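Colleague: sequence unknown, structure follows:
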């Protein structure tokens, strides 16, 4: 019998990825970040089932995941406008979770680049 996937499992996998850290949201729930940007976390909105992970996802890929495996992936109206997918931790396999977290990290990286301060570009006065 395989061990159930928990947020602790998610965290252990995510921390093997470069630049990922664990933080808490304003409500105290754990989230995974890449350079301060949301990557994944426990879904806490009232519309979700207990034991649900929310993961950053490309909208087209997300729709494919939900269509192909509705027992594992789903959406609620609250999350539908956002580039995320909801994951039932009780239904996902560790190998698939690892791939999903890699995808989420990859999608988060461009957001971290936008947050980095630009080098000070002091203008030189023309001669």
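Modeller: Sure thing, it's come through. Everything numeric in this text was worked out from a predicted model, so none of it was measured.

Colleague: going forward, measure contacts and count neighbours with C-alpha atoms only.
Modeller: Will do.

Colleague: Then residue 106 would be within a strand, right?
Modeller: No: membership of residue 106 in a strand is not supported by DSSP: H, G, I helix; E, B strand; the rest coil, which gives helix.

Colleague: how deep is it tucked in, by neighbour count?
Modeller: As a burial measure, residue 106 scores 15 neighbours (other CA atoms under 10 Å).

Colleague: doesn't residue 37 make contact with residue 23?
Modeller: No: contact criterion CA atoms under 8 Å: residue 23 and residue 37 do not qualify, at 10.4 Å.

Colleague: ok, the two, which is more surrounded?
Modeller: More crowded of residue 23 and residue 37, by other CA under 10 Å: residue 37, with 19 against 15.

Colleague: My read is that that one contacts residue 106, right?
Modeller: No: the criterion here is CA under 8 Å, and residue 37 misses it with residue 106 at 11.8 Å.

Colleague: What helix or strand is the residue nearest the centre of the chain located in?
Modeller: Closest residue to the average C-alpha location of the chain: residue 40 at 2.6 Å, with CA atoms, centre = their mean. Under the criterion of DSSP states H and E, residue 40 resides in strand 37-42.
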